[in-house]
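Asks: how would this look folded up:
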Amino acid sequence: MRGRALLVGVVAGLAIVAVTGGTLFALGYIPVYALNTAFGVYDNPTMHDRLTAAFIGPVPADWVVHGTEFESGEEYTAFVHVLKPLPTLVLVLVTTGVGLGARRLVPASLAQRGTAFTAAALTAAATVAVLAASLGYDSEAEDIVAFPAWRFGLAGFLAVGIVGAFAFGFVASWPARLRVPAQYAGATLGLIVAAGMLLFSLGVPFGPRTGDDRGRQEWRDVADTADWASGTAAAVIPLALGAEAEFRSVPFITPLGIYTGEYRYWPGFGRYIERHPQARLTGYADAGGLPWKIGLAFGAALVLALWVLATVLAVRRLGAPRASDGLRTGALVGGFGAGLLLAFVWLGSATFPAFLGGLNATWGVAWPAALQAAVELVVLTALAGLVYAALRPTPARD
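Replies: Numbering: from 1, shown residues only. Here you go, the predicted structure:
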């Protein structure tokens, strides 16, 4: 039976890459500018460009660009890291569908589903790594673009592994004391990340704007803004917990101007981040008026409330005769949430090279702030579980 689970996992891993790439390859032919940009298919793409966008685009890992600056003639090496929401969404949906199908072919045991899930994640990661090593190319500007195999393999393993752990039923086969906190943590983080990406992608182009309204192209700019959305989503929880975000833009590279060198959208916020590339939520609140401050405060309170609610629901589901039982369950909710948060910070924080003066536009969370937020999240949920169990003790149910 272990051999069958292994075979199912290998086939599932290959199917995830093939179906995701094939779907994106087909969608890339839709003649709509915003969709083409969102899928990474730009002006006059070659077949190689389409294959790269379809099979490499969904995996958020570093592109390495080696080239020569046009003005100075100096050689440079730059890194581009971007999680493109629509291709990644397709990867998530395909992984979920394949995982749900595969779990029907594998017995509901920890060993069997663990084997299938691990084999699928490793197979998908190895396939992505091989494709990344094969798809480096010389552009017309004679810049050499490389996709480091180990980076794409690791990113592919994390992306497929995190979603697949739930979709393949691996988490569902855990003991209840681990399964329930993991499920609530995953659902809470997924909801916050999805909401953060959607609100940023739509909120920037349709928000406050400088200049007149002639030539408005919000829907065209949504696709470009979306490249920065994952970095914003990665910063939502750290900001709510009092940690710093890193929103560093440089001339011609900013989601608030869409590569124009001007703050076309949210000009007050743009001027603030120009002076303060790293700041806490209280600092960003100073960039706007009272409605802006109220909105940020409400958003932060809502994020914290969602984690408290997830903890309370997990404690109620498992039961907590003693306060220490609530403390344990809450700490597990926060622990799983912290692990998922750190993984998403690595996958979602964006880096765009400026190619001039060695500057980069970075959008997301630095590791010290991410670690601070992870610790604070565990403390928050542990205390929530402790207090709830102390006030409402319930018999153990699982």
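
Asks: Quick check: A287 touching E274?
Replies: No - using Cβ atoms under 8 Å, A287 is not in contact with E274, being 10.5 Å away. C-beta coordinates here come from the backbone N, C-alpha and C atoms, glycine included.

Asks: Tell me which of these two has more neighbours.
Replies: Of the pair A287 and E274, A287 is the one with more neighbours under other Cβ atoms under 10 Å, namely 20 against 16.

Asks: Could I get the contacting residues of the closest residue to the more buried one other than its chain neighbours?
Replies: Distance criterion Cβ to Cβ, 6 or more residues apart in numbering; nearest residue to A287, sequence neighbours excluded, is Y272 at 3.7 Å. Listed by Cβ atoms under 8 Å, 6 or more residues apart in numbering, the contact set of Y272 reads A279, G283, Y284, D286, A287.

Asks: cool, and A361?
Replies: R248, S249, V250, I253, T254, A350, T351, F352, P353, A354.

Asks: Assign a three-state SS to the residue nearest to A287, would you?
Replies: Following DSSP: H, G, I helix; E, B strand; the rest coil, the label given to Y272 is helix.

Asks: distance of it from A54?
Replies: Going from Y272 to A54 by Cβ to Cβ, to the nearest Å gives 38 Å.

Asks: Measure how buried the closest residue to F55 other than its chain neighbours is and give me the count.
Replies: Spatially, and ignoring its direct neighbours in sequence, F55 is nearest to G21 (4.1 Å; Cβ to Cβ, 6+ apart). Close neighbours of G21, defined as other Cβ under 10 Å, add up to 24.

Asks: Retrieve the pLDDT associated with G21.
Replies: Turning to G21, the model gives it a pLDDT of 92.

Asks: what does the one 3 residues further on give?
Replies: Predicted confidence (pLDDT) at L24: the value is 91.

Asks: thinking again about what came up before, report the buried members of the contacts of A361.
Replies: Buried subset of those (neighbour count, 16 or more other Cβ atoms under 10 Å): R248, S249, V250, I253, T254, A350, T351, F352, P353.

Asks: now the helix or strand where E246 lies: how far from the chain's centre is it?
Replies: Assignment of secondary structure by DSSP states H and E places E246 within strand 245-248. Distance of strand 245-248 from the chain centroid (Cα atoms, centre = their mean, to the nearest Å) equals 16 Å.

Asks: and that strand, which residues are buried?
Replies: By neighbour count on 16+ other Cβ under 10 Å, the buried set for strand 245-248 is A245, E246, F247, R248.

Asks: Please apply the same query to stretch 31-50.
Replies: By neighbour count, and taking 16+ other Cβ under 10 Å as the criterion, the buried residues in stretch 31-50 are A34, L35, N36, T37, A38, F39, G40, V41, P45, D49, R50.

Asks: Touching that stretch from outside, list them.
Replies: For stretch 31-50, the surrounding residues in contact (Cβ under 8 Å, 6+ apart) are 24-25, 27-28, 30, 52-54, 57, 84-87, 135, 137, 219-220, 222-224, 226.

Asks: Send me stretch 23-42 as PDB with only the CA atoms.
Replies: C-alpha atoms of stretch 23-42 as PDB (Å, rounded to 0.1, in the frame of the first residue of the first chain):
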ATOM      1  CA  THR A  23      -4.000  26.300 -17.900                       C
ATOM      2  CA  LEU A  24      -1.800  29.400 -17.700                       C
ATOM      3  CA  PHE A  25      -0.400  28.800 -21.200                       C
ATOM      4  CA  ALA A  26      -3.900  28.800 -22.600                       C
ATOM      5  CA  LEU A  27      -5.100  31.800 -20.500                       C
ATOM      6  CA  GLY A  28      -2.100  33.800 -21.800                       C
ATOM      7  CA  TYR A  29      -3.700  33.900 -25.200                       C
ATOM      8  CA  ILE A  30      -6.700  35.900 -24.000                       C
ATOM      9  CA  PRO A  31      -6.300  39.300 -25.800                       C
ATOM     10  CA  VAL A  32      -6.900  41.400 -22.800                       C
ATOM     11  CA  TYR A  33      -4.000  43.700 -21.600                       C
ATOM     12  CA  ALA A  34      -4.800  43.500 -17.900                       C
ATOM     13  CA  LEU A  35      -5.000  39.700 -18.000                       C
ATOM     14  CA  ASN A  36      -1.900  39.300 -20.100                       C
ATOM     15  CA  THR A  37       0.000  41.500 -17.600                       C
ATOM     16  CA  ALA A  38      -1.400  39.600 -14.700                       C
ATOM     17  CA  PHE A  39      -0.300  36.300 -16.200                       C
ATOM     18  CA  GLY A  40       3.200  37.600 -17.000                       C
ATOM     19  CA  VAL A  41       2.700  37.700 -20.800                       C
ATOM     20  CA  TYR A  42       3.900  41.100 -22.100                       C
END
